[in-house]
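J.: My questions are about this predicted structure, shown below with the sequence.
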Amino acid sequence: MERILLIETSTALCSTALAEDGVITSYRESSAPKAHASLTAVFIQEMLAERGITLNDCDAICVSKGPGSYTGLRVGVSTAKGLCFGAAKPLIAVGTLDTLVAQAAADSLTVTPDRIGNPLFIIPMIDARRMEVYSAVFSNTPPVTPNEAEGSPRYVQITETTPVIIDENSFTEYLEQGPVLFIGDGAGKSADVIKHPNAHFCQCHPKASSMLSPAIAAFRAADFKDVAYFEPFYLKEFVATVSKKKLW
């Protein structure tokens, strides 16, 4: 049995999932503020107990590699690396934007009230404060292997993952071509600015359960990370600030 432990802590939502033979069999999540460090390990322990197994029964640990919250990513990656070291399990890393694209696909791309079906482009967005998001463009391509159902969409990343300042002209070149789904915790604020008729928005957080498809693909391709040297993809360097509160 193929078992993969999934950890997603890149945004305000802390979530974990257990996949067994390609199916999510246990799941936990919490949106409690700043609770990632206190809940991630607890969730994992609960899921394993629920399934009557131990970490030794898992085949790999998968964690979100970012971009996203600096603190959230540190918690997730540190937890995953600790589990891998302790149980001698391989480490898999899935990009946060890839998780959001998989999340849209898992919901049959009917995640918006107007049920747009299969958009021409999916643009995942991670909130980076103010009007900035971490984003990339994924294009709907036809099936490329015999194993893919005829006519099913396959979304391929066609731009680099970069910080983007959102304004009324953002992503116009893609919006002019057809329906575009903006998904992620940065989609809501973008909806207040991008008013193109082809723009559709789904405000949500990436979930550990949505890491299933890319995690399985990485596991079967033996795309494992070096546990000792792997670091999250922050996209931007963390900048510490001096507290304005009086300490004494």
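T.: Received it, and whenever you're ready, just let me know what you need. Numbers count the residues shown, from 1 in each chain.

J.: so residue 206 makes contact with residue 17?
T.: No. Residue 206 sits out of contact with residue 17 when judged by C-beta atoms under 8 Å, with a separation of 11.6 Å. Where you see a C-beta, it was placed from the backbone N, CA and C, and this is true even at glycine.

J.: Which neighbours do the two have in common?
T.: Shared between the contact lists of residue 206 and residue 17 (criterion: C-beta atoms under 8 Å, 6 or more residues apart in numbering) are residues residue 8.

J.: Pick out whichever of the two has more residues nearby.
T.: Using other C-beta atoms under 10 Å as the criterion, residue 206 and residue 17 rank with residue 206 on top: 30 against 26.

J.: End to end on stretch 163-180, go ahead and measure it.
T.: Terminal residues of stretch 163-180 lie 19 Å apart, using C-alpha to C-alpha, to the nearest Å.

J.: Can you list the buried residues in that stretch?
T.: Using 16 or more other C-beta atoms under 10 Å as the burial criterion, the residues of stretch 163-180 that qualify are 164, 166, 170, 171, 174, 175, 179, 180.

J.: Kindly report the same for stretch 179-191.
T.: Buried residues in stretch 179-191, counted by 16+ other C-beta under 10 Å: 179, 180, 181, 182, 183, 184, 185, 186, 187, 189, 190.

J.: Which residue, other than its chain neighbours, is closest to the second one?
T.: This points to residue 180. residue 121 (4.6 Å; C-beta to C-beta, 6 or more residues apart in numbering).

J.: right, and the one you found touches residue 140 too?
T.: Yes. Because the distance of 6.7 Å satisfies C-beta under 8 Å, residue 121 is recorded as touching residue 140.

J.: Settle it for me: which of those two has more neighbours?
T.: With neighbours defined as other C-beta under 10 Å, residue 121 and residue 140 compare such that residue 121 has more, 21 against 17.

J.: Could you list which residues are in contact with that one?
T.: For residue 121, the contacting residues are 137, 138, 139, 140, 174, 177, 178, 179, 180, 181, taking C-beta under 8 Å, 6+ apart as the criterion.

J.: same thing with residue 191?
T.: Neighbour list for residue 191: 182, 199, 201, 203 [criterion: C-beta under 8 Å, 6+ apart].

J.: so which of those residues is the most crowded?
T.: residue 182 (29 neighbours).

J.: got the contact list for residue 77?
T.: By C-beta under 8 Å, 6+ apart, the residues touching residue 77 are 63, 65, 230, 231, 232.

J.: so which helix or strand takes in the second one?
T.: In other words, residue 65. If you go by DSSP states H and E, residue 65 is part of strand 60-66.

J.: Check which residues of the helix or strand following that strand are buried.
T.: Proceeding C-terminally, strand 60-66 gives way to helix 70-87 as the next helix or strand, assigned by DSSP H and E. Neighbour-count burial for helix 70-87, counted by 16+ other C-beta under 10 Å, picks out 70, 72, 73, 74, 75, 76, 77, 79, 80, 81, 83, 84.

J.: For residue 77, see how far away the first one is.
T.: Spatial separation of residue 70 from residue 77 under the definition C-beta to C-beta, to the nearest Å is 11 Å.
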